[in-house]
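# my questions concern the predicted model and sequence given below.
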Amino acid sequence: MSAMRDLEETFKGACAALFDELSGGEELSVGFSGESSDFLRFNRGKVRQIGHVDGASLRFKYYRGGRSLASGFEATGEAEADRRKAAMALEAARREAALLPPDPYQVLPKAAASSREEFPGRLPDPGRLPQEILGPGQALEAAGAEFVGIHAQGPICRGAATSAGARHWFAAESFIADYSAYLPNGKALKSCYAGREWDGGEYARRLASEASRLEALGRPERAVPPGEYRAYIAPEALAEFIDFFSWYGLSERQIREGESAFISLKEGRTSLSPRFDLVQDFSLGVEPRFNESGEVAPERLRLIAGGKLASTLVSARSERQYGLPANAAPEEEFLRSAAIGAGELDEDRALEALGTGLYLSNLHYLNWSDVDSARVTGMTRFACFWVEGGRIVSPIKDLRFDDSLYRVFGDRLEALTARRSLVVNPSTYEERALGGSLLPGILLSGLTFTL
Amino acid sequence: MTMDLRRLLESALPAGVEWAALRRVRSVERSYAAKDGAFESAALYEDEGFMIEVLSGGQFGYAGLAAAGPAAMAAAAARALELARSASGRSIHRFGTEVRPATALSYETPRGRRAAPGADLLAGGAVALSRAMRVSDKIVQASAEISTRDLETEYVSTSGAAICQRTHIVCYGCAAVAREGSTIQKRTLNGPRGRTRQGGYELLDFPRIEAEAARAAEQAIELLGARDCPSMRADLVLAPDQMMLQIHESIGHPLELDRILGDERNYAGSTFVRLEDIGSLRYGSELMNVSFDPTVAGEAASYGADDIGAPARKELVIKDGILVRALGSLESQARSGKAGVANQRAEGWHRSPIDRMANLNVEPGKDALPDIIASVERGVWMEANRSWSIDDYRNKFQFGCEYGKLIEDGELTRTVRNPNYRGVSSSFWRSLYKVGDASTFQVFGTPNCGKGEPNQVITTGHASPVCAFRGVEIFGGEQ
């Protein structure tokens, strides 16, 4: 708890320093990301790198006289040093902004509400991480696999404040053990154990049960030729598609600017399957509802309902520019806390429903291959299998797929599972991420594989 | 040194530490964006922090922090030491100080114009670039962004390392999106951030860039009326701005020694290259020569030493098509027994360095561009990357470009849109049959190569001549 408290004090102190320095006619919105993280990276069941990072990043937007500038600095947690940094950053922002052209769609901070959510957790002793994380990995090693991955833990905090009075704080102590087990034939399974309450027994049981899944991966590999196959996409694999609703996705701005795969959906030229629903759902509780400007999003926002576009992601800036009501999207208008609606397929009968085709546990390195037609390409990865008569036959040699989202979530979408899994965001770019998606598995009558 | 880092390090260390180092990283980033002839946004970010690293019983432990006070620094050193000690008996390798050389040097990006223009000029430049792309009513978005990053890294160790490096990166990009009916096409200047270079403000030659931006917008319009790239197996000629991506994904990443050693398998992936391949694998045709060279003036990832103090030097990694050396740091070299390069680099003060590409370049060959085109009976010229995807063993790839031209009977003919190609790294490079001469050689870079756990992005540079490949699977858009 003390690290979480220290981060909150750092946020408050830095905000106070910034707001105290403001002169008449100046306004600010402040966003904060903080963490106090232990990292253990491992390979072959051994420690590759081990360390700790304390981060407290302040990002603010400065407004004066119709001009705006984004700025920021790294706070130290040392009060006097942070006051000095805040004053210098504000001074630099004033100088820089004064030289800029007016911001044609400037939106001054209006948000004035406050919120505070804090989720203390129970984490392993940082001084015993190698034993705690790598010890149970011996179950995988005993099954002939190499244990590879990363464990990260500690508090993650987000804050937002505005000169209009908003004050928001979200903090959670959490851990994620993100790992894979590699057999000598190069086949591997991947999984993760994440949460707020570490349970060493549960972790050990999970690893032991993974070991039993390795048998099928040890079978001879099957090279499946390119073509169209029935496919079951597990929730962890489906998670790889979620970014495509943000990147050239459901942003109102991107649609208006011709940079979205969903323009034809918006214009009613195409639709997705009536089975397909996509919601931004903060009731998942994995990230805060407030954005960097302190605006609070609705708890649930239906984006695609019954295969038709129900709403786009609209920031306050887009509201000003296009005259649409905003829904507290961040300025970049990306999707948070995604949830795809459940179906009726019993997950335990997914293989049976698949019959003959491909079971895809994970996908890798997806990218648009043609935005206009919403075509996405990517690779199979980890435990992907050829299935016949509802039974796993053999692991497959990696395959490349290339198909349109209008087919995957459209006429090829045969069923969705009734049970959904929360797939947490494991990203540690710049900082440990919050967030995740609630996803079913999906059964496709066909997915096109090209290489 | 702008701070007395050595004193800070020594005062922070607990008794009995066998070796330690302190790295200070300060960056200042500026960006200016414009859209459709109007100012859009500007940013000014400063970031400064420290990483302390200690060695105990053959294991390094690290702690990253922004605070420079002695108490915080001492606590960080103690935490790093505690974590290193906790790994006792479980380390993947017993490292020693030989992987942290006591290098003393300084490096700074050579620059023509050092003084930054004012924000008014840079923002105005971005506005003018976006305005220059409004060549038709069919341009539905014209955007431009200029960004600069000044990075200062200082490094001292208890064994005597003393390194100070200042790099200055300038990156700019322009994008024109054209629409007619339901057809949308986009053209940029050499891909989204291909124009990433080290240098001064001489790189921002606005009159020249405005002309190039207008040309890009005209090509976006041209693409609206072009046919889709045909699907066929044919010869492929890649411009240097697409070679950048081809080099990065199918030479650079597969040759990273930490991938060969399995460190990346849980995240970015492994590689088809095995340790025993180094020195003997025929990676490409005899025309293929690839260098790791962090000493090229002006290329994006040039430096004097990597982030553990290994001095930078040029090394040939593929010679006459044979893999002769992998991209492995001193740590990876110690683990594998293989020769490597000076490439252990970190994103910033909050990340520990890992094996990275720096500047990875295809060396020029002997063929003039007209001779390359004339050598193609049926094929496609492609330029500027827009899509990239490759498997976790860095073999099966699919890449897409913004702009293509058919080559028929030795001549460039019709423009084609949505040109894509796919292949397998290990056979693709063996089909290389023409390598352009120095007149076709161009330097590009990217600021956002992602890798590592915890994740890191880093700048890499890639330079190449025009190259031609035989019998590649080529295809177009909607299929």
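Arrived safely, thanks for sending.
# dump the residue contacts of the closest residue to B:Val28 other than its chain neighbours.
Leaving aside its sequence neighbours, B:Val28 sits nearest to B:Asp150 (CB to CB, 6 or more residues apart in numbering or on different chains; 4.7 Å). The way it works is simple: take the backbone N, C-alpha and C, and place the C-beta from them, glycine included. By CB atoms under 8 Å, 6 or more residues apart in numbering or on different chains, the contact list for B:Asp150 reads B:27-29, B:166-169.
# so which strand or helix has B:Asp150?
B:Asp150 belongs to strand B:139-157 when assigned by DSSP states H and E.
# how about the residue in the stretch 201-350 of chain B that chain A sits nearest to, secondary structure?
At 4.2 Å from chain A, B:Asn266 is the closest residue in the stretch 201-350 of chain B, using CB to the nearest CB. Following DSSP: H, G, I helix; E, B strand; the rest coil, the label given to B:Asn266 is coil.
# burial measure for it, as a count.
26 (other CB atoms under 10 Å in any protein chain shown).
# who touches it in this structure?
Here B:Asn266 is in contact with A:148-150, A:178-180, A:190, B:453 (criterion: CB under 8 Å, 6+ apart).
# against B:Gly452, how distant is it?
Distance, B:Asn266 to B:Gly452, using CB to CB, to the nearest Å: 11 Å.
# same deal with B:Gly436?
Counting by CB to CB, the gap from B:Gly436 to B:Gly452 is 34 Å.
# one more: A:Leu444?
Counting by CB to CB, the gap from A:Leu444 to B:Gly452 is 33 Å.
# A:Asp281 too?
Taking CB to CB, one finds A:Asp281 at 31 Å from B:Gly452.
# repeat that for A:Val387.
34 Å.
# more crowded one of the two?
Under the neighbour definition other CB under 10 Å, A:Val387 and B:Gly452 were set side by side, and B:Gly452 has more, 26 against 23.
# was I right to think the more buried one contacts B:Tyr267?
Yes - contact status for B:Gly452 versus B:Tyr267: in contact at 7.2 Å, counting by CB atoms under 8 Å.
# which of the three states applies to A:Ala353?
Applying three-state DSSP: A:Ala353 is helix.
# buried residues in the strand or helix carrying B:Arg131?
Per DSSP H and E, B:Arg131 falls inside helix B:119-132. Counting neighbours by 16 or more other CB atoms under 10 Å in any protein chain shown, one finds that the buried residues in helix B:119-132 are B:119, B:122-132.
# over to stretch B:330-342?
For stretch B:330-342, using 16+ other CB under 10 Å, the buried residues are B:330-336, B:338, B:340-342.
# got a list of what B:Thr153 touches?
Applying CB under 8 Å, 6+ apart, we find B:Thr153 in contact with B:23-25, B:163-167, B:307.
# how does it look with 10 Å?
B:23-27, B:107, B:163-167, B:303-305, B:307, B:345-346, B:348-349 (CB atoms under 10 Å, 6 or more residues apart in numbering or on different chains).
# how about low-confidence regions in the chain?
Defaulting to chain A. A:1 (pLDDT under 70).
# I was after chain B.
Using pLDDT under 70, the flagged stretches of chain B are B:1-3, B:479.
# okay, domains of it per the record?
According to automatic domain parsing, chain B comprises the domains B:5-225, B:228-475.
# just name the most buried of these.
domain B:228-475 (a mean of 22; mean count of other CB atoms under 10 Å in any protein chain shown).
# and the end-to-end length of it?
8 Å (CA to CA, to the nearest Å).
# elements contacting the lengthiest helix in chain B?
The residue-count maximum for a helix in chain B (DSSP state H) belongs to helix B:206-224. Counting contacts by 3 or more CB pairs under 10 Å, 6 or more residues apart in numbering or on different chains; DSSP states H and E, helix B:206-224 is packed against helix B:119-132, strand B:139-157, strand B:162-180, strand B:183-188, strand B:378-390, strand B:396-408, strand B:411-417.
# is chain A within reach of the shortest one?
Yes - judged by CB under 10 Å from any CB of the partner chain, strand B:183-188 and chain A are in contact via B:183-186.
# ok, of those residues, which one's closest to chain A?
Using CB to the nearest CB, the residues of strand B:183-188 next to chain A come closest to chain A at B:Ile184, 5.0 Å.
# so who does that closest one touch?
A:258-260, A:263, A:371-372, B:138, B:140-141, B:177-178, B:220, B:223-224.
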